[in-house]
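Novice: Would you be able to build a 3D model of this:
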Amino acid sequence: VSDSEQVTRQWSDSEDNVLRRISVAGCAFFSQKSVWFGILLVTGMTSFVLTILLPSIVQQAVDESSLRLASLQLSRPQANRLVMNAVVEVHDGGQSTKQLHPSAFDISADGVKIAHVSLPALSLSGVGPSRVAVTSQLEVRNQTAFSRAMTQLMVGDATWQLHGHSRLGAEIFGRWRRTFDVNINKQIYILGGMLSNAAITSLDVKDGAGNRDALNMVARLAVYSSSVVEVQDFGTLAFELSSKKTLLGQLIFDDFAVRRGANTFAPRLRFVKSADNEAETGAFLSRFLEDKDQVAELRGPFAPSGVVASVGTGAIVQAIRVAGSGDHRTSEVAILDKAATFEGFSVSTEEQAGQNRTMRGPLTIAHNPFSAPIVHRNISSQLFLEEPIAYIVSHPVLGRHVCNQTNKLAELVTMEGMYRDHPDWAPEVGFASKARRTIFLPAQPMKGQSSGPSCVFDGKAVANGADCCFATASIAAACRAEHSGAQFFNTALVSSYQLYIGDFDVAINSVQTSLAMTFTPGVSAGFLLQANLSCANIKLLAGKKSARSLSSGSLS
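Specialist: Reported below is the predicted structural model:
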């Protein structure tokens, strides 16, 4: 038994030893396999991280980043290229610095590729938004689409797309720097409206600027641009100018440029007269001469040259304010004096050629707001009282006449012989550059104003056969003003005449209100064709209503 136990014990010891050795060998074998497996696993994971996971993370970060265009200046266009200076803010939310390698990108607007730009290497800060200044060449790829996109920026905001491929260098875990291929597809919101606040503040005509069918004017145009876009050296741009849906002509910029903030320009304004627009051309100039602001429309641009081509149906329509002449009224003061009002000038008409005919009328101080000489022909101006008047005339020679309430004074017209010292001069009124002059316009009754019998003195008709109410209306108005302690009374003037600027002519119709009619003391003291007529002969009647101010509608 003891031997058997010893053999068994030895066998057991041997068995344990073998198993132990087998276990050690097995562990060693499997330990070596685990290391290789670990190496393979780490290598695989590293490859996955470096080639798939990190690029995906970087691409996602690029996709989630945003761009804001702080400023964009386009200048010096040559053929289909422009110089681009831009400042871009990049918001990426990362903490590490990055380096964008030199890249080329396409720019699209409304889904259409309009330009191509090559960018130099750009460094992006890892703290807060990166503000990057870029200078490059912008290559226009689609002239029509680019023109339409630039035109849109003249009146409003726009969104462009930037897309292309690039390489981005970035730090990994703050230690390792690697370079990744990235796709960039970004929308860039652009604050536009370069011409949205445009206004024509003055208009002038230079000497010799008018021909039969066209009038060349010089405008002063003010623009305050809040757009981030600035353009420079864009060459000649022309915009159509319309009023009341009627094309008048063109506003032409010889070298179009708009900077951020306040801008002033001196474009040319060329009116082209036709049968379709002649009436509105006259109405536009009439409102300007009345010193009335008006709103016209710009449509365009149309470019005889330059990088922005004519855009045709894609043209903008932009409202533009046009200021009045700034001179308030072409006629400043109308003067009643004894000589002009009562004795009159010797005026001959075709019906009474060769005969002295006494015409009455006021003296008016008028002026020319333009630098070019102008001429008024075929003047017909209806003169109204701003406050109607009713009165009775009682005179031992002229008789008694009841004059019902009216605001009509007279119609002032040009006639042969209207110049006292030069009766052979043409019945027209010429003005030198920016000049003022005093003119006499013979007066006659308006249509329907004189309805009574002719006013007769010493067997002869006075006031050219008109009734005594017409003959005495201006005296009665002067007496009423004097009774109130004034030496003037307010009138309104509704005028029509043919305006000539060089060989260009157009019909003008204007309304001026609150035109002060001053008078000399001799008017109310009275002298009418050797018949004394003073305020003592006039009894003012209370009117049914008092209209201190007349609108153009009521006057017409």
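Novice: mind checking pLDDT for the residue nearest to the spatial centre of the chain?
Specialist: In the chain, the centroid-proximal residue (Cα atoms, centre = their mean) is Ile320; its distance is 2.6 Å. Note on Ile320: pLDDT of 94.
Novice: I'd assumed Ser196 was in contact with it.
Specialist: No: between Ile320 and Ser196 no contact is recorded; they are 9.9 Å apart, counting by Cβ atoms under 8 Å. Placement of C-beta: from N, CA and C, glycine included.
Novice: thinking Leu412 is in contact with Pro445, fair?
Specialist: No: taking contacts as Cβ under 8 Å, Leu412 lies outside contact range of Pro445: 11.4 Å.
Novice: quick revisit: same for the helix or strand where the residue nearest to the centre of the chain lies, what does it pack against?
Specialist: Using DSSP states H and E, Ile320 falls within strand 316-322. When contacts are defined as 3 or more Cβ pairs under 8 Å, 6 or more residues apart in numbering; DSSP states H and E, strand 316-322 packs onto helix 143-155, strand 199-210, strand 294-302.
Novice: residues in contact with the shortest one?
Specialist: When contacts are taken as Cβ atoms under 8 Å, 6 or more residues apart in numbering, the neighbours of strand 294-302 outside the stretch itself are 151, 154, 195, 198, 200, 237-243, 248, 250-251, 256, 284, 287-288, 308, 310-311, 315-322, 324.
Novice: Just the buried positions in that strand, please.
Specialist: Across strand 294-302, burial judged by 16 or more other Cβ atoms under 10 Å covers Gln294, Ala296, Glu297, Leu298, Arg299, Gly300, Pro301, Phe302.
Novice: If you average the pLDDT over that strand, what comes out?
Specialist: pLDDT averaged over strand 294-302 gives 89.
Novice: Show me what it pairs with in its sheet, parallel or antiparallel.
Specialist: Applying DSSP bridges to the sheet, strand 294-302 is found paired with strand 237-243 (antiparallel), strand 316-322 (antiparallel).
Novice: And the helices in the chain?
Specialist: 2-48, 54-64, 143-155, 278-289, 338, 468-483, 521-525, 552-555 (DSSP state H).
Novice: Pick out the shakiest of those, pLDDT-wise.
Specialist: Note on these: helix 552-555 shows the lowest mean pLDDT, a mean of 40.
Novice: What is the nearest of the buried residues of strand 294-302 to Phe504?
Specialist: Using Cβ to Cβ, the shortest approach to Phe504 within the buried residues of strand 294-302 belongs to Ala296, at 19.2 Å.
Novice: any idea which of the helices and strands packed on strand 316-322 is most buried?
Specialist: helix 143-155 (a mean of 21; mean count of other Cβ atoms under 10 Å).
Novice: what's that helix packed up against?
Specialist: Counting by 3+ Cβ pairs under 8 Å, 6+ apart, helix 143-155 packs on strand 103-109, strand 112-119, strand 158-172, strand 294-302, strand 316-322.
Novice: TSV please, covering these and showing distance to Ile392.
Specialist: Formatted as TSV, the helices and strands packed on helix 143-155 follow (distance: least, Cβ to Cβ, whole Å):
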stretch	distance to Ile392
strand 103-109	78
strand 112-119	80
strand 158-172	73
strand 294-302	45
strand 316-322	49
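Novice: Go through those strands and name the closest to Asn211.
Specialist: Across the helices and strands packed on helix 143-155, Asn211 has its closest neighbour in strand 294-302 (21.9 Å, Cβ to Cβ).
Novice: who touches Gly192 in this structure?
Specialist: Gly192 touches Gln152, Leu153, Met154, Val155, Gly156, Asp157, Ala158, Ser227, Val228, Val229, counting by Cβ under 8 Å, 6+ apart.
Novice: Excluding chain neighbours, what is closest to the second one?
Specialist: In space, not counting the residues next to it along the chain, Leu153 is nearest to Gly192; the distance is 3.7 Å by Cβ to Cβ, 6 or more residues apart in numbering.
Novice: quick check: longest strand of the protein.
Specialist: The longest strand of the chain (DSSP state E) is strand 374-395.
Novice: What's the mean pLDDT across that one?
Specialist: Rounded mean pLDDT across strand 374-395 is 95.
Novice: Give the partner strands of it in its sheet and their orientations.
Specialist: Partners of strand 374-395 in its sheet, by DSSP bridges: strand 399-413 (antiparallel), strand 428-431 (antiparallel), strand 488-501 (antiparallel), strand 538-541 (antiparallel).
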